[in-house]
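Colleague: okay, predicted coordinates and the sequence, questions at the end:
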Amino acid sequence: MVPEELKNHQELIAKVIEMLLLPIENGCSMINETILSGNKLLIAGNGGSAADAQHIAAEFTGRFVKERKPLPAIALSTDTSALTAIGNDYGFEQVFARQLEALAQPGDLFLAISTSGNSGNVLQALASAKKMDCKTLGLSGRDGGKMNELCDLNIVIPSDITARIQEMHMLIGHVFCKAVDDLF
């Protein structure tokens, strides 16, 4: 069982590197341009994707590998008071969009994470980001879902297995962090 599971990971990683190297490099460029221009990264997702959003934001505000200055990144899934108040008053579909509208400025980058590419609250936030002149970068899976239409760049993991998609999202998140570290 274990060797087969590891082989499945190895095959997906090889596929991601082969198919998505250029989109991942383009995502790194989008993030680097955002940071170098003095703008910030806002990140959102649900469940495991929320954990990934928090993880990536922490690598920016703390550090990844290299000692460097803290960088502006906010995970929109961390403020339980905002999530519950907005969810209660406006509906769950608005929990990220309302926060984005309060915190984002033109030129910021919204990183949307959804394994299906169809999470309603992530899609609403992408629409808000577009209206606010923010750049939009997606991490999704399966066929990319509706995020394909709303992201400037949507990196779609070629898998239907949620766990594998999430693992690749975190791998790519760390590649993003390394690219930012290399700026300093």
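Modeller: Done, it's in. Keep in mind that what you see is a predicted model, and the values were worked out from it rather than measured.
Colleague: quick one, strands of this protein?
Modeller: 41-44, 73-75, 109-113, 135-141, 153-157 (DSSP state E).
Colleague: list the contacts for the residue minimising distance to the centre of the chain?
Modeller: Residue closest to the average C-alpha location in the chain (C-alpha atoms, centre = their mean): Leu111, at 3.7 Å. Leu111 sits next to 31, 41-44, 53, 56, 137-139 when contact means C-beta atoms under 8 Å, 6 or more residues apart in numbering. C-beta coordinates here come from the backbone N, C-alpha and C atoms, glycine included.
Colleague: and Glu93, by the same measure?
Modeller: Applying C-beta under 8 Å, 6+ apart, the residues near Glu93 are 120-121, 124.
Colleague: out of the residues you listed, which comes closest to Leu71?
Modeller: Asn121 (25.2 Å; C-beta to C-beta).
Colleague: export the contacts of Glu93 as a markdown table, with columns for neighbour count, distance to Gly107 and pLDDT.
Modeller: Formatted as a markdown table, the contacts of Glu93 follow (neighbours: other C-beta atoms under 10 Å; distance: C-beta to C-beta, whole Å; pLDDT from 0 to 100):
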| residue | neighbour count | distance to Gly107 | pLDDT |
| --- | --- | --- | --- |
| Gly120 | 16 | 26 | 98 |
| Asn121 | 25 | 23 | 98 |
| Gln124 | 21 | 21 | 98 |
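Colleague: so can I have a markdown table of those residues showing distance to Ala82?
Modeller: Output for those, formatted as a markdown table (distance: C-beta to C-beta, whole Å):
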| residue | distance to Ala82 |
| --- | --- |
| Gly120 | 17 |
| Asn121 | 13 |
| Gln124 | 15 |
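Colleague: so Leu153 makes contact with Ser140?
Modeller: No: the pair Leu153 and Ser140 does not pass the contact test of C-beta atoms under 8 Å, sitting 11.0 Å apart.
Colleague: higher neighbour count, these two?
Modeller: Using other C-beta atoms under 10 Å as the criterion, Leu153 and Ser140 rank with Ser140 on top: 28 against 15.
Colleague: let me know whether that one touches Met147 as I believe.
Modeller: Yes: the criterion here is C-beta under 8 Å, and Ser140 meets it with Met147 at 4.9 Å.
Colleague: okay, and the common contacts of the two?
Modeller: In contact with both Ser140 and Met147: 112, 114, 117, 154, using C-beta under 8 Å, 6+ apart.
Colleague: in contact with the closest residue to the third one other than its chain neighbours, which residues?
Modeller: Taking C-beta to C-beta, 6 or more residues apart in numbering, and ignoring the residues beside it in sequence, Gly117 has Gly145 as its nearest neighbour in space, at 2.4 Å. By C-beta under 8 Å, 6+ apart, the contact set of Gly145 is 114, 116-118.
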